[in-house]
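Chemist: Give me coordinates for this.
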Amino acid sequence: QVQLVESGGGLVQAGGSLRLSCAASGRTFSNYAMGWFRQAPGKEREFVAAISRSGGSTAYADSMKGRFTISRDNAKNTVYLQLNNLKPEDTAVYYCARSIYYMPSAENDYDYWGQGTQVTVSS
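Modeler: Just a heads-up that it's a prediction; the model follows:
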């Protein structure tokens, strides 16, 4: 059974930064693309970023480009999301997920999800 465990969320002031981590169990981490999604209160979950199996390619939602950076360390079975210049509208639960496809942005293309980590940005 695959487990994805996010960490690194918290309360931060606008303009601040956070680094989220997602640790995966199992020995096949490098066989899968990884993605980050977020869900704000009262809103649907939305795509944030994805990274290829090797980490050589990345994709971002347009509104996150330039502020967020996704990366991975296959030796540590971990994917990261660096959040910079945070805004109150970035407040959400952030989820990582695993996919057999090439950096998809659709939720249905991901098969395993973490439990999420809360990010709260104060103004």
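Chemist: element containing the residue nearest to the spatial centre of the chain?
Modeler: The residue lying closest to the centre of the chain (C-alpha atoms, centre = their mean) is Trp36, at 2.6 Å. Per DSSP states H and E: Trp36 is located in strand 33-39.
Chemist: helices or strands next to the helix or strand following that strand in the packing?
Modeler: Proceeding N to C from strand 33-39, the next assigned helix or strand is strand 46-51, under DSSP H and E. Where contact means 3 or more C-beta pairs under 8 Å, 6 or more residues apart in numbering; DSSP states H and E, strand 46-51 is packed against strand 33-39, strand 58-60, strand 68-73, strand 78-83. From N, CA and C alone the C-beta is placed, and that goes for glycine too.
Chemist: Pairing partners for strand 46-51, with directions?
Modeler: Strand 46-51 pairs in its sheet with strand 33-39 (antiparallel), strand 58-60 (antiparallel), by DSSP bridges.
Chemist: Make TSV out of the ones you listed and add distance to Thr117 and mean pLDDT.
Modeler: Compiled in TSV, the strands paired with strand 46-51 are given as follows (distance: least, C-beta to C-beta, whole Å; pLDDT from 0 to 100):
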stretch	distance to Thr117	mean pLDDT
strand 33-39	10	98
strand 58-60	19	97
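Chemist: Quickly compare these and say which is most buried.
Modeler: Ranked by mean neighbour count, those are led by strand 33-39 with a mean of 24 (mean count of other C-beta atoms under 10 Å).
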